[in-house]
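Chemist: after the sequence you'll find the predicted model.
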Amino acid sequence: MSSGSLALVLHAHLPFVRHPEHEEFLEEEWLFEAITETYLPLIAVMQRLVREEVPFQLTMTVTPTLCAVLQDQLLRDRYVRYLDRSIDLAAREMERNRDDEPLRRLSEFYHTNFSDCRFRFLACGGDLLGEFRELRDEGCLEIMATAATHGLLPLLQRTPEAVRAQILIGCDVYRATFGADPAGFWLPECAYAPGLETIMQEANLRWFIVDAHGLMFGEPRPRRGIYAPCYTAAGPAAFARDRDSSRQVWSATEGYPGDPAYREFYRDIGFDLPLEYLRPGSATGSARKFTGLKYHRITGRDCEKEIYDPAWAENAADAHAAHFLEVRRQQMNELRALDFDPIVVAPFDAELFGHWWFEGPRFLESFIRKAAYEDQDLRLTSKDAYGQQNFQLTTPTAFLTNHPTQQTVAPAASSWGENGYLGVWLDQSNSWIYPHLHSAARRMTEVARAYASNESALTDRVLKQLARELLLAQSSDWAFLMKTGTAKHYATKRVTDHLLRFNRLHDEFTSGNLDEGFLSNCEWRDNLFPDVNWRYYLSC
């Protein structure tokens, strides 16, 4: 009788936000905030667990666009400058708050945090991907592949070649970055539609993740519900997201992040203090933005926000980790009466841990430690089949290796978006982009076929850049930002700019009037995927 398995999956993703044409650019700080609050803390958690020989296994995606910005030297240099500004601001806050003991301690807390991030970033040469590779090599972290620019694949299927390119280029970037073949594939937004498994099989992928209803509404109905993977007819296996365990962690209203002890995300001194104080002498000082210095806790919806207490918040994270462990154990105890070994798959956006939920890394580390130590205690007390049993942390690849025999099911179209389908990325606010994306994809396919036998270096450069512009226009982030109204203008401009560059480059090239200066400018702006294989657009 099995004690069950839990697979925690962290999906780390940011769009390609790089603007060398500007000395500073607001949206690049999405990356800088994520490095400071999520990626460096998560790496530190895993490295600490490895050093202390705490057994654990996690699964993670690091998307190709995130890999590109993490590898970019321009952005690395700008990140260090961002930290220098943050350290300076925290130091000025220590002085401003010298007579207010709680705020002074918080200022010191942030000054230490920013300084530690700077030290750790420089100590690894800015190579966070190398840190993830080392954790992978330790055997505690499995890294998944995903689509090249996080394109929402079901909405791109009108041009199958475009979907194939998103998947195969994503796998190529994975190999170039991590030096191995991927086993698992993250479907952007967990969005599945029939036919995707065939391309994943071509890419030699073993498994992917769908939302619960994607498997439960499959044909035939899965005999083991969402607690076992199911093979598709093409080969790759589908694991289903367990909504209950996911909701408990990510939901600000139903889950842990809404606890009044935790740090309030939206209350930031960047919106409270004078602009001339926040950015003295800055040409961009007119823009209100987050600084990362947040002095208040959530407190309550209708209350005046109270001062944040890091120690109290850490205790709350530990308590929530203990509760999450107990609930997962109860879940496993219910499942272990069944005649199969169950797996619970709980995927989250990695940026929840640290960025949106500041105490998230502490929660994750506390949970892993409690699960490991209590498992040892249960083993020492020799609990029998009628006693309490712990579960093991695993990865989908490890689970499939140990449980290779599973049912075959055709999953149903689904996503983890609102209402379970594609309404977030296809509604009246953003539907206008898709005819243009489909038209560009068809033109990409046609020009790839027309020049398939052309071996000139210039042709290769043009077709590579056409592929980059198309891929970047297809990112699901732009439709999402249009729908939510967050950075709507920026998202609209990004789609428009990439399509305009694609169309101009395509028309100049096919008419024999190529402006090589324009091509070089495009390569300078959108320099990701240096070895992108445009030949994936030839056929499907």
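Modeler: Yep, that arrived.
Chemist: for the chain, which segments count as strands?
Modeler: Counting by DSSP state E, the chain has these strands, from start to end: 5-12, 58-62, 141-146, 184-186, 207-210, 230-231, 237-240, 343-349, 392-393.
Chemist: mean neighbour count, mean pLDDT and distance to Thr459 for these - can I get that in CSV?
Modeler: From N, CA and C alone the C-beta is placed, and that goes for glycine too. Converted to CSV, the strands of the chain look like this (neighbours: other CB atoms under 10 Å; pLDDT from 0 to 100; distance: least, CB to CB, whole Å):
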stretch, mean neighbour count, mean pLDDT, distance to Thr459
strand 5-12, 23, 97, 35
strand 58-62, 25, 98, 32
strand 141-146, 25, 98, 28
strand 184-186, 25, 98, 31
strand 207-210, 26, 98, 35
strand 230-231, 20, 98, 41
strand 237-240, 26, 98, 40
strand 343-349, 22, 96, 39
strand 392-393, 20, 94, 49
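Chemist: wait, which of the ones you listed is closest to Ala467?
Modeler: Within these, the stretch nearest Ala467 is strand 141-146; the backing value is 17.2 Å (CB to CB).
Chemist: thought Pro310 was touching Tyr110, still the case?
Modeler: No - using CB atoms under 8 Å, Tyr110 is not in contact with Pro310, being 10.1 Å away.
Chemist: so which of those two has more stuff around it?
Modeler: Tyr110 (22 against 17; other CB atoms under 10 Å).
Chemist: excluding chain neighbours, what is closest to that one?
Modeler: Closest residue to Tyr110 in three dimensions, ignoring its sequence neighbours and counting by CB to CB, 6 or more residues apart in numbering: Ala90, at 4.6 Å.
Chemist: so can I have CSV of the strands of the chain showing distance to Pro435?
Modeler: Formatted as CSV, these follow (distance: least, CB to CB, whole Å):
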stretch, distance to Pro435
strand 5-12, 29
strand 58-62, 30
strand 141-146, 25
strand 184-186, 27
strand 207-210, 28
strand 230-231, 35
strand 237-240, 31
strand 343-349, 29
strand 392-393, 45
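Chemist: Leu422 is nearest to which of those strands?
Modeler: Once the strands of the chain are compared by CB to CB, strand 207-210 is nearest, at 13.5 Å.
Chemist: so what strands line up beside the closest one?
Modeler: strand 184-186 (parallel), strand 237-240 (parallel) (DSSP bridges).
Chemist: any chance of CSV for these, columns distance to Trp425?
Modeler: Shown next, in CSV, are these (distance: least, CB to CB, whole Å):
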stretch, distance to Trp425
strand 184-186, 16
strand 237-240, 21
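Chemist: these: which one's closest to Gln474?
Modeler: strand 184-186 (16.0 Å).
Chemist: tell me which residues are up against that closest one.
Modeler: 11, 59, 61, 63, 142, 144-146, 167, 170-171, 200, 203, 205-209, 236, 395-397 (CB atoms under 8 Å, 6 or more residues apart in numbering).
Chemist: cool, stretch 503-517 as well?
Modeler: Stretch 503-517 is touched from outside by 440, 443-444, 447, 450, 458, 462, 465-466, 469, 518-519, 522, with contacts defined as CB under 8 Å, 6+ apart.
Chemist: and if we set it to 6 Å?
Modeler: Stretch 503-517 has contacts (CB atoms under 6 Å, 6 or more residues apart in numbering) with 443, 462, 466.
Chemist: and what of stretch 248-255?
Modeler: Counting by CB under 6 Å, 6+ apart, 247, 258, 348, 352 sit against stretch 248-255.
Chemist: and Gly387, what pLDDT?
Modeler: At Gly387, the pLDDT value in this model is 45.
Chemist: ditto for the one 10 residues further on
Modeler: We note a pLDDT of 98 for Thr397 in this prediction.
Chemist: my read: it touches Ala180, true?
Modeler: No - contact criterion CB atoms under 6 Å: Thr397 and Ala180 do not qualify, at 11.6 Å.
Chemist: name the residue in those two with the higher neighbour count.
Modeler: Just comparing Thr397 and Ala180: by other CB under 10 Å the higher neighbour count belongs to Thr397, 18 against 12.
Chemist: quick one: low-confidence parts of this protein?
Modeler: Where the chain drops to pLDDT under 70, the residues are 1-2, 282-286, 375-389, 540.
Chemist: what about the spatially closest residue to Met216 that is not a sequence neighbour, distance to Arg241?
Modeler: In this structure, Met216 finds its nearest non-sequential neighbour in Ile226, 6.4 Å apart by CB to CB, 6+ apart. Look at Ile226 and Arg241: by CB to CB, to the nearest Å, they are 8 Å apart.
Chemist: can you check the distance spanned by stretch 65-83, start to finish?
Modeler: This stretch, stretch 65-83, spans 22 Å end to end (CA to CA, to the nearest Å).
Chemist: and the longest helix anywhere in the chain, what does it pack against?
Modeler: Taking DSSP state H as the criterion, the chain has its longest helix at helix 310-335. Judged by 3 or more CB pairs under 6 Å, 6 or more residues apart in numbering; DSSP states H and E, helix 310-335 is in contact with helix 360-380.
Chemist: give me the contact list for the helix it packs on.
Modeler: 41-42, 45, 54-56, 314, 317-318, 320-322, 324-325, 352-354, 390.
Chemist: quick check: angle from that helix to helix 310-335?
Modeler: Computed by axes from the mean of the first three to the mean of the last three CA atoms, to 10 degrees, the angle separating helix 360-380 from helix 310-335 equals 50 degrees.
Chemist: chain center to helix 360-380: distance?
Modeler: Helix 360-380 has its C-alpha centroid displaced from the chain centroid by 24 Å (CA atoms, centre = their mean, to the nearest Å).
Chemist: got the CA positions of that helix in PDB?
Modeler: Taking C-alpha atoms only, helix 360-380 is exported to PDB below (Å, rounded to 0.1, in the frame of the first residue of the first chain):
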ATOM      1  CA  GLY A 360       6.400  32.100  -0.200                       C
ATOM      2  CA  PRO A 361      10.000  30.900  -0.300                       C
ATOM      3  CA  ARG A 362      10.000  30.600   3.500                       C
ATOM      4  CA  PHE A 363       6.700  28.600   3.300                       C
ATOM      5  CA  LEU A 364       8.200  26.300   0.600                       C
ATOM      6  CA  GLU A 365      11.400  25.600   2.600                       C
ATOM      7  CA  SER A 366       9.500  25.100   5.800                       C
ATOM      8  CA  PHE A 367       7.100  22.600   4.100                       C
ATOM      9  CA  ILE A 368       9.900  20.600   2.600                       C
ATOM     10  CA  ARG A 369      11.800  20.400   5.900                       C
ATOM     11  CA  LYS A 370       8.700  19.400   7.800                       C
ATOM     12  CA  ALA A 371       7.800  16.700   5.200                       C
ATOM     13  CA  ALA A 372      11.400  15.300   5.300                       C
ATOM     14  CA  TYR A 373      11.700  15.300   9.000                       C
ATOM     15  CA  GLU A 374       8.300  14.000   9.800                       C
ATOM     16  CA  ASP A 375       8.800  11.200   7.200                       C
ATOM     17  CA  GLN A 376      11.900  10.200   9.200                       C
ATOM     18  CA  ASP A 377       9.900  10.200  12.400                       C
ATOM     19  CA  LEU A 378       7.100   8.100  10.900                       C
ATOM     20  CA  ARG A 379       9.700   5.600   9.600                       C
ATOM     21  CA  LEU A 380      11.300   5.400  13.100                       C
END
